[in-house]
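Enquirer: fold the following, please.
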Amino acid sequence: MTSEDVATDAVPGDGRDETENERLDRNWNEMLQELRVIQTGTQILTGFLLAAVFQSRFEELDDYQRTVYLCLVVTSILTTVFGLAPVSLHRALFRQKAKAQVVHVTDRILQFTMIGVALTLAGTGMLIFDFVLGRVGGVVVGVAILAVIVAVWVVVPRVIRRSHHIELRA
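Expert: Here you go, the predicted model:
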């Protein structure tokens, strides 16, 4: 969802008869549902990464794997921070008549959060397969995971959006 979508989410003739405030409330509630999913996933993945350092086999990681691991921990923590940021934003601006700004900024934050989730998932897959199968296996799996994420999260929605816009014009 882009900021343009947030501003013009109601499609003419879509059966909705809502005010600007009602639309903003609906958009905010939809974003909250997305945030709940992202927050749970990133917190679990961050917990897994933080706990991995305390496993006995962690000492077997080579320098490359340790560097990847540390980058993943930072990425995962930052992703968790971004995933929780809309809560702080909402708290700070609650009852300040700033719902439009909260919805707009949360849309941007969600985009950064999704990028962080994608990098963390692909990197974690890469690290695990690197550890188990070797460097080539790790890189192949990491790239494959990233390709699937791009296909499912970016390409498919854009294809659906284009076909939906074509149908609306017809």
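
Enquirer: which residues in this structure form helices?
Expert: Here the chain has its helices, by DSSP state H, at 3-7, 20-52, 63-93, 99-133, 135-150, 156-169.

Enquirer: could you identify which of these is most buried?
Expert: When you average the neighbours per residue for each of the helices of the chain (mean count of other C-beta atoms under 10 Å), helix 99-133 leads with a mean of 19. Where C-beta positions appear, they are placed from N, C-alpha and C, glycine not excepted.

Enquirer: for Gly125, which non-adjacent residue is closest in space?
Expert: Ile145 (4.5 Å; C-beta to C-beta, 6 or more residues apart in numbering).

Enquirer: point out where this protein drops to low pLDDT.
Expert: Applying pLDDT under 70 to the chain flags residues 1-15, 167-170.

Enquirer: closest to the centroid, which residue in it?
Expert: Met114 (1.8 Å; C-alpha atoms, centre = their mean).

Enquirer: apart from its neighbours in sequence, what residue is nearest that residue?
Expert: Trp153 is the one closest to Met114 (C-beta to C-beta, 6+ apart), at 6.6 Å.

Enquirer: okay, now that neighbour: neighbour count?
Expert: Trp153 has 14 neighbours, counted by other C-beta atoms under 10 Å.
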